[in-house]
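Could you work out the structure for the sequence below:
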Amino acid sequence: MSSFTLEDLASMVAEIAGAEAARAISEQSADAPFTSLGFDSMAVIELAERIQERYRVPIPDEAVHDLRTVRRTLDYVNGQAAVAASDGAR
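Here you go, the predicted model:
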């Protein structure tokens, strides 16, 4: 998998919460909680489910709580993808 980017995340946010919410996703808002960007906990769960489906990155229920910001989400998905790639290279 190539890197999960800010644009990828914004596209998924647009699918879930609309274009206005997607416009709030930026480098400047990367550390702001999703709740301050208009996301509720159900939207974060939906985001995690879509990431798992589309990118084949496992996100256990206990990890969903850690996906509180844009940066944490990008870091988590890219970190898990790197682990999977490393395991696949063995």
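
rest of the way, CA atoms for contacts and neighbours
Fine.

Please enumerate the helices of the protein.
Assigned by DSSP state H, the chain shows helices spanning 6-17, 19-23, 41-55, 61-64, 70-88.

Which elements pack onto the second one?
When you say that, I think you mean helix 19-23. Helices and strands touching helix 19-23, by 3 or more Cα pairs under 8 Å, 6 or more residues apart in numbering; DSSP states H and E, are helix 6-17.

what's the angle from the helix it packs on to helix 70-88?
In terms of direction (axes from the mean of the first three to the mean of the last three Cα atoms, to 10 degrees), helix 6-17 departs from helix 70-88 by 110 degrees.

how about the CA coordinates for helix 6-17, as PDB?
Listed next in PDB are the C-alpha coordinates belonging to helix 6-17 (Å, rounded to 0.1, in the frame of the first residue of the first chain):
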ATOM      1  CA  LEU A   6      -4.200  13.700   4.000                       C
ATOM      2  CA  GLU A   7      -6.000  13.800   0.700                       C
ATOM      3  CA  ASP A   8      -7.100  10.200   1.100                       C
ATOM      4  CA  LEU A   9      -8.400  10.900   4.500                       C
ATOM      5  CA  ALA A  10     -10.200  14.100   3.400                       C
ATOM      6  CA  SER A  11     -11.900  12.100   0.600                       C
ATOM      7  CA  MET A  12     -13.100   9.500   3.100                       C
ATOM      8  CA  VAL A  13     -14.400  12.200   5.400                       C
ATOM      9  CA  ALA A  14     -16.300  13.800   2.500                       C
ATOM     10  CA  GLU A  15     -18.000  10.400   1.800                       C
ATOM     11  CA  ILE A  16     -19.000  10.200   5.500                       C
ATOM     12  CA  ALA A  17     -19.700  13.700   6.600                       C
END
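
Neighbours of F4, how many?
By other Cα atoms under 10 Å, 18 other residues sit near F4.

give me phi/psi at it?
phi -80, psi 110 (degrees, to the nearest 10).

residues contacting it?
L74, V77, N78 (Cα atoms under 8 Å, 6 or more residues apart in numbering).

Quick one: the residues you listed as TSV, columns for pLDDT and neighbour count too.
TSV is the format used below for the contacts of F4 (pLDDT from 0 to 100; neighbours: other Cα atoms under 10 Å):
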residue	pLDDT	neighbour count
L74	95	19
V77	95	23
N78	94	18
